[in-house]
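K.L.:
Give me a model of this one.
(one chain, ligands or ions: 1)
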Amino acid sequence: MSQPKPMSHMDDNDIPSTPGKFKSSYIHRLRYNFSLTKVTVWALVFFGLIFLSVFFRSPSSSKSDDPTRRALGTNNWGGPTWEKRVRTSARVRSGKGGMSVLVTGAAGFVGTHVSAALKRRGDGVVGIDNFNDYYDPTLKRSRQALLERSGVFIVEGDINDMTLLKKLFELVTFTHVLHLAAQAGVRYAMENPLSYVHSNLAGFVSLLEVCKSVNPQPAIVWASSSSVYGLNTKVPFSEKDRTDQPASLYAATKKAGEEIAHTYNHIYGLSLTGLRFFTVYGPWGRPDMAYFFFTKAILKGKAISIFEGPNHGTVARDFTYIDDIVKGCLGSLDTAEKSTGSGGKKKGPAQLRVFNLGNTSPVPVTELVGILEKLLKVKAKKNVMQLPRNGDVPFTHANISYAQREFGYKPTTDLETGLKKFVKWYLNYYSAGKKSSGVNNKSSSVLHLTIYNSHYFSMGNVVLVFQVTSSSGENLSSSPNNAFQGQLFYLGHYEPEVKGGIVGVRYVAPYLVDVFMPVLMHFKV
Ligand SMILES: O=C(O)[C@H]1O[C@H](OP(=O)(O)OP(=O)(O)OC[C@H]2O[C@@H](n3ccc(=O)[nH]c3=O)[C@H](O)[C@@H]2O)[C@H](O)[C@@H](O)[C@@H]1O
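P.N.:
Below you'll find the predicted structure:
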């Protein structure tokens, strides 16, 4: 007896000759066709919905209706989920009686360290950062991932967005603002002067305008800079020394910030404390700073330029380790008095302070390079050259007695000890990146992705922050330094494209992220 062919292999010649057989087989086939049609219809409806949702979605309606989009994104803040995250992040740990702090520039170097320290001791913290690309934004995303794990939510937005700032103050009664968002870097001011005006002047004024009008007004601690001493030659630099000779536009905007602070204190009774940071360095630091890019160049065997002063004079900096700066920030916040105004009106004199936060022991740049050579076990290729006229000053040295008196500020980390910690972090962070790209290159390796956060960005990108586990069970994102955190994987046109950070689903309606979860959770790279 011949075996019946499977249904899928039947053709017209296979119609059975006996009527009974014909009837049952025909009905079977009809049912089969019907279920096929059903699948096709559902598939059409499904993909039709995707098409409609992508092409006929009005930006404003999706902003308010869609949960993923509401979650976060540049210019995409708002909605109940987002508000809940802000409130939760701002909550002071119960029984601690702590402060609730808005940290601007929270994904920056100092911002990340201070936000984490505040959260650790039980204070409420909400960050805000515009994640600009002045330096590698992947590093900022990695810092963000680090903070998210300790419960700090960073709102994505610009301090010039006063509507956003007002909204944050509506949601949370911030007792303090730690204002660290700024366009940093001395030399870059010659390349992009207006970015300094945008962030350091307009941004600061926008923030102060909002702070002065809310009730109660917060106390504000903000980042000035040692660069305000400019061409001052009297050392060590004391807060009483002249600061009217800035050598760069960056320094000029920081000095202007100090004058603006005076005005808002005088007119509106805002409590304001400016911190003059002295060349801050350490793990998670800024790639635009000399100690950071020297390390990179030395490891790559590339030449570095070492500046020297007139007549082969020493160029030196009062390099200050990040942990000491964190202590200085916490001390300033803890001793900041309340603002005295309310609803835009001053009710009495308010605190106005400026502190040097330095290390009190300047080190020549040549010595910095020597320490790096020793730690990296690589000889640097050096080009010694005259200090160019690019805004740099030859020497900085802080007198810290005022901060010492006010809140016991006492730096404890010498340059070699601090650089050792930086180098350890640097090698770990960037070798982890190499290690992970090594995994990516193995086409057979399977990565398990566990999504723990999502952000909506412009251009229809949904970015999912995830943890990665290899097929052998190794948690590739267990180390905060692992480059898998804050990486970008685009799933444009359903083709996963490894970009180096976070999973992105492009051109797909945000609520369909759920549909793609299973794909993202377990795919071959
Ligand atoms: O403390 C401050 O006020 C400032 O500290 C740093 O500015 P800077 O001290 O110039 O730090 P780096 O850019 O890292 O330069 C450190 C030293 O290396 C020198 N350098 C820099 C670059 C280079 O190619 N070669 C070189 O010898 C500089 O002249 C300087 O003496 C930060 O970049 C500023 O944002 C901050 O406000």
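
K.L.:
Now whatever residue of the stretch 51-200 of the chain ends up closest to the ligand: closest residue in space that isn't a chain neighbour?
P.N.:
Residue nearest to the ligand within the stretch 51-200 of the chain: Ala184 (3.7 Å; Cβ to the nearest ligand atom). Every residue, glycine included, has its C-beta placed from N, CA and C. Counting by Cβ to Cβ, 6 or more residues apart in numbering, Ala184 lies nearest to Arg286, which is 6.8 Å off, once chain neighbours are set aside.

K.L.:
would you say the residue of the stretch 51-200 of the chain closest to the ligand is within a helix?
P.N.:
No - applying DSSP: H, G, I helix; E, B strand; the rest coil, one finds Ala184 to be coil, outside a helix.

K.L.:
Check the contact between it and Tyr250; I expect there is one.
P.N.:
Yes - between Ala184 and Tyr250 there is a contact under Cβ atoms under 8 Å: 7.4 Å.

K.L.:
What are the buried residues along stretch 407-415?
P.N.:
By neighbour count with 16 or more other Cβ atoms under 10 Å, stretch 407-415 contains the buried residues 407, 409, 411, 413, 415.

K.L.:
Next step: these restricted to helices.
P.N.:
If you go by DSSP state H, the buried residues of stretch 407-415 have 407, 415 in helices.

K.L.:
Go through the buried residues of stretch 407-415 and say which is closest to the ligand.
P.N.:
Using Cβ to the nearest ligand atom, Leu415 is the member of those that lies nearest the ligand, at 11.7 Å.

K.L.:
Now for Phe109: which residues touch it?
P.N.:
143, 280, 282, 284-286, 322 (Cβ atoms under 8 Å, 6 or more residues apart in numbering).

K.L.:
One more pass at 7 Å, please.
P.N.:
By Cβ atoms under 7 Å, 6 or more residues apart in numbering, the contact set of Phe109 is 284-286.

K.L.:
then stretch 140-148 to CSV, C-alphas only?
P.N.:
The C-alpha coordinates for stretch 140-148 follow below in CSV (Å, rounded to 0.1, in the frame of the first residue of the first chain):
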residue,chain,number,x,y,z
LYS,A,140,28.9,59.1,29.2
ARG,A,141,26.5,56.3,28.5
SER,A,142,28.7,53.9,30.5
ARG,A,143,28.7,56.3,33.4
GLN,A,144,24.9,56.6,33.0
ALA,A,145,24.5,52.8,33.2
LEU,A,146,26.7,52.8,36.3
LEU,A,147,24.5,55.4,38.0
GLU,A,148,21.3,53.7,36.9
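
K.L.:
Show the average pLDDT along stretch 273-281.
P.N.:
What stretch 273-281 shows for mean pLDDT is 98.

K.L.:
Show residues contacting it.
P.N.:
Outside stretch 273-281, the residues touching it (Cβ under 7 Å, 6+ apart) are 110, 221-226, 228, 258, 261, 289, 291, 317-322, 325, 328-329, 332, 336, 353-359, 396, 398, 418, 422.

K.L.:
so Tyr426 sits in a helix?
P.N.:
Yes - counting by three-state DSSP, one finds Tyr426 located in a helix.

K.L.:
Chain neighbours aside, what residue packs nearest to it?
P.N.:
Per Cβ to Cβ, 6+ apart, closest to Tyr426 is Thr295, 5.7 Å.

K.L.:
for the one you found, what are its contacts?
P.N.:
By Cβ under 7 Å, 6+ apart, the residues touching Thr295 are 372, 376, 423, 426.

K.L.:
What separation is there between it and the ligand?
P.N.:
Noted for Thr295: a distance of 11 Å to the ligand, by Cβ to the nearest ligand atom, to the nearest Å.

K.L.:
how about that residue, phi and psi?
P.N.:
phi -60, psi -50 (degrees, to the nearest 10).

K.L.:
go on, Gly151?
P.N.:
According to degrees, to the nearest 10, Gly151 has phi 90, psi 20.

K.L.:
what does this protein put close to the ligand?
P.N.:
184-186, 225-227, 277-279, 289-290, 305-307, 315, 317, 365, 392 (Cβ under 6 Å from any ligand atom).
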